[in-house]
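In: Quick one: sequence plus predicted model below, questions after.
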Amino acid sequence: MNLDLLNEQQRKAAETLDGPVLILAGAGSGKTRALTFRVANLIDHGVAPWRILAITFTNKAAREMKERIHALVGERADEVWISTFHAMCAKILRRDIEKLGYTRSFTIYDDDDQGSVLNDIVKQLNIDDKAMTVRELRAKIGDAKNRLLAPDEWFAQSPRDFRSQQIHDVYHIYETRLKSANALDFDDLLVRALELFADHPPVLDSYRQRFTHVLVDEYQDTNFAQYSLVKLLTQKSRNLCVVGDDDQSIYGWRGADIRNILDFEKDFPDATVIKLEQNYRSTANILDAANQVIAHNEGRKDKALWTQEEPGELIKLFCAGDEREEAAWICDRMQQLKLAGDAYGSMAVLYRTNAQSRVLEEMLMRAGIPYRIYGGLRFYDRREVKDIIAYLRCIVNPSDDVSLRRIINQPKRAIGESTIQELVRYAGEKEMPLYSALIDLPNTLSARPRKCVREFGDLMNELVMQHEEMRLSDFVAHVIERTGLRAQYEKDLAEEARSRVENMDEFMGAVAEYEQAADEPTLENYLENVALITDLDAAETSAQYVTLMTVHSAKGLEFPTVFISGLEEGIFPSARCMQEESRLEEERRLCYVAITRAMRHLYMSYASQRMIYNQLSYNASSRFIGEIPKRLVDDEWISKRERSFPGAMDAYGHPATKRLPKQEVKGPMSFGVPKIVPSGAGIGNRSAALGIQGVQKGFTPSAAASIASGALSSLFAVGDRVMHRKFGEGNVMEIRGNGGDSRIVISFAAYGIKEFVLSIAPIVKVNE
């Protein structure tokens, strides 16, 4: 093993073998390399491999670490305990859980198993499952267990109202049920291991003696239970090495406590602190931008990434007119990179929420760019979206048995699986669609399921009759409300439920867009359009895909080219963090993570207006953009829209006209875009009006004079790149006519081909 392969700080981390060690490892600083060399060095210095415990957060990371250590020390690496927290605790419990009244053959329940148990308990207690959903109960119980609170302890810290009492009762019965079933949920793996250590000191002592050296990766992501486990195991040896980056702590919403890493030196005042700040991933300009943004956080350790790499390209920043122009711009830059030799697989688009992917997906498909969703489903494959589509398909085609079986008990309407199977049997016997069995009910059904099925059949008949009487967008909204698809999630406070409601609103936005753009916006045509979207991935054969993902999903990954979209106040940072400083700091850490995923190219974008969650919003650009110094941003890429239309504000809050020629003047403003003065409005003649408009649209006085004199076609030529106030950038396809009657045909990536009267078209030529 050659420690000379490490830089100075990595080598210090590998050679500091005893006592508490805090390794602050910045993004891309080679922390895994330092960790594996440290384990190998411990073995080379006589520490028995089986006395070393290395804890990671994913099985993939554990496998990678073991492979790297094996490459350094050979088969001795096989004896090192390298695992996740949950795997480690399961292994411990398999040996000694009998001391807690379980048997070693205990079952580990997943989310679905938990849901089944909680469903039964809710029914047992006659709790309204709409007022208190299983999802909320699972989240509350999980949070309690992560904080090591038993039911009574949790209730003592709650508001102690009727709702809290109900949650307490469910939690208490849930624990009893699991114990009776000899089962643990995932949170129990940590809780029961701690219980075992607390109630049986000899067991704890045996593990303390065994593991003389403990290493924990991603320490900033640990919760209270994980922190407690690590502290117990290392209390005597004090040979604890934790590795993490407080600037990448982005999981507070699921229990991670950043104080664990920030307060490490309080727990271990004699700790050795090592900072890995040399970055091996990104260019200097990207790192500089990341450092400048994260420096605005107060609750952090002082450190700054640096690199020996060249400065690299400046950051490209774009202000789009709306989300469709933003997506079109992203596609255009991807195609340019592809022409320059970059593979699509080297590119990623990051966004704050899953709902933002829908427009991006549609534009990528239109551009013929292959893509994949990482860490989440494609928009039209998400459960709540598929449920809506299944209803609509069944309304259009009642013979669609697959869609009907999906929705017959969605939302829950007390039509159980045995009832469904009886309907399927009866429909098969009568050789008719399942839908017909909703009307012609089998006599074998008892009163309650018969009533529920009949009510569902009446609902579907009502919707079938209504669908041709209502406008498409109105009808889809009616279906979502009438069926209860939205209501089942609206009362649920969990993050996942809110996300599902947002995706429903985004779906409504997609329907409204289709209705506005289509020649015949019927339900049948819309479903055909959706079918083409959902089937696209199956037809894709190329191994090269652009990656789409939320920033949370991107942590730990890297890409040569990264696009960060939707950088607007209320989106990134999200509206939910505005009033709470700690949540705002986590949003800033999320932005830091996004920036540091980029290796060579970084593109950032925002929109003047955005339709999202079926709401049109006019948001300011994200404060995080303003925290990046202008010296790091390529001026050629800061909103051509802002430069083209006087009066607009740039990303730094300055009038865009500061970058315009002095002779250009501002026009009246509307949402940051100048109004075009109508011909004859207080102007003596048409030529004068055209001349004023020409100046307001960003033309020089001489160009405006050409407009006034009727020499319009001389301003533009086929192939010119132009900017339209509403539709963004496009290419001139054709110019027809002369003088004031000239017409111009432009192809826009986001909006297709449009034709305008040249004398009043709010367009300017773009200089690439």
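Out: Done, it's in. Numbering: from 1, shown residues only.
In: Show me the longest helix that occurs in the chain.
Out: Longest helix in the chain, counting residues (DSSP state H): helix 495-517.
In: elements contacting it?
Out: The contact analysis (3 or more Cβ pairs under 8 Å, 6 or more residues apart in numbering; DSSP states H and E) places helix 495-517 against helix 134-146, helix 357-367, helix 383-396, helix 472-482, helix 487-490, helix 523-534, strand 610-612. For glycine as for every other residue, the C-beta is placed from the backbone atoms N, C-alpha and C.
In: where's the shortest one relative to the chain centroid, distance-wise?
Out: In this case it means strand 610-612. In terms of Cα atoms, centre = their mean, to the nearest Å, the centre of strand 610-612 is found 16 Å from the chain centre.
In: can you check the third one too?
Out: With Cα atoms, centre = their mean as the basis, the distance from the averaged C-alpha position of helix 383-396 to the chain average is 24 Å.
In: Torsion angles phi and psi at the residue nearest the centre of the chain?
Out: Central residue of the chain (Cα atoms, centre = their mean): Thr550, 2.6 Å from the mean position. When read as degrees, to the nearest 10, the backbone of Thr550 gives phi -70, psi 160.
In: State the pLDDT value of it.
Out: Note for Thr550: predicted pLDDT of 92.
In: So it sits against Val349, correct?
Out: No. Counting by Cβ atoms under 8 Å, Thr550 stays clear of Val349, with 10.3 Å between them.
In: Surely Ser742 is in contact with Ser759?
Out: Yes. Between Ser742 and Ser759 a contact is recorded at 6.9 Å, counting by Cβ under 8 Å.
In: Look up phi and psi at Asn731.
Out: Asn731 adopts backbone torsions of phi -110, psi 140, taken as degrees, to the nearest 10.
In: Would you mind confirming that it is in contact with Gly752?
Out: No. The pair Asn731 / Gly752 is not scored as a contact, 11.9 Å apart, by Cβ under 8 Å.
In: which stretches of the stretch 601-750 of the chain have low pLDDT?
Out: Where the stretch 601-750 of the chain drops to pLDDT under 70, the residues are 635-714, 739-740.
In: what about Gly19, which SS state?
Out: Recorded secondary structure, Gly19: coil (DSSP: H, G, I helix; E, B strand; the rest coil).
In: now the one 3 residues further on
Out: Three-state assignment for Leu22 (three-state DSSP): strand.
In: Low-confidence regions, the stretch 351-500 of the chain specifically.
Out: Checking the stretch 351-500 of the chain against pLDDT under 70 turns up 375-378.
In: 50 instead?
Out: Counting by pLDDT under 50, the stretch 351-500 of the chain shows no low-confidence range.
In: before we move on, the earlier item: could you check which of Asn731 and Gly752 is surrounded by more residues?
Out: Asn731 (16 against 12; other Cβ atoms under 10 Å).
In: give me every residue that touches the more buried one.
Out: By Cβ atoms under 8 Å, 6 or more residues apart in numbering, the contact set of Asn731 is Gly719, Asp720, Arg721, Val722, Ile746, Ser747.
In: Just want the phi and psi numbers for the residue nearest to the fourth one when sequence neighbours are not counted.
Out: Here the nearest residue to Val722 in space, its sequence neighbours aside, is Ile763; by Cβ to Cβ, 6 or more residues apart in numbering that works out to 4.8 Å. According to degrees, to the nearest 10, the main-chain angles of Ile763 amount to phi -130, psi 150.
In: in terms of contact, does Ile763 touch Val745 like I think?
Out: No. Applying Cβ under 8 Å, one finds Ile763 not in contact with Val745, separated by 11.7 Å.
In: In terms of neighbours, single out the busier of the two.
Out: Using other Cβ under 10 Å as the criterion, Ile763 and Val745 rank with Ile763 on top: 25 against 16.
In: can you tell me how far Cys452 sits from Glu627?
Out: To Glu627, Cys452 is 56 Å away according to Cβ to Cβ, to the nearest Å.
In: before we move on, what about Tyr174?
Out: Counting by Cβ to Cβ - Tyr174 and Glu627 are separated by 45 Å.
In: Those two: who's more crowded?
Out: Under the neighbour definition other Cβ under 10 Å, Tyr174 and Glu627 were set side by side, and Tyr174 has more, 20 against 16.
In: what's the angle from the helix or strand containing that one to helix 134-146?
Out: Element membership of Tyr174 [criterion: DSSP states H and E] is helix 162-180. Angle, helix 162-180 to helix 134-146, by axes from the mean of the first three to the mean of the last three Cα atoms, to 10 degrees: 70 degrees.
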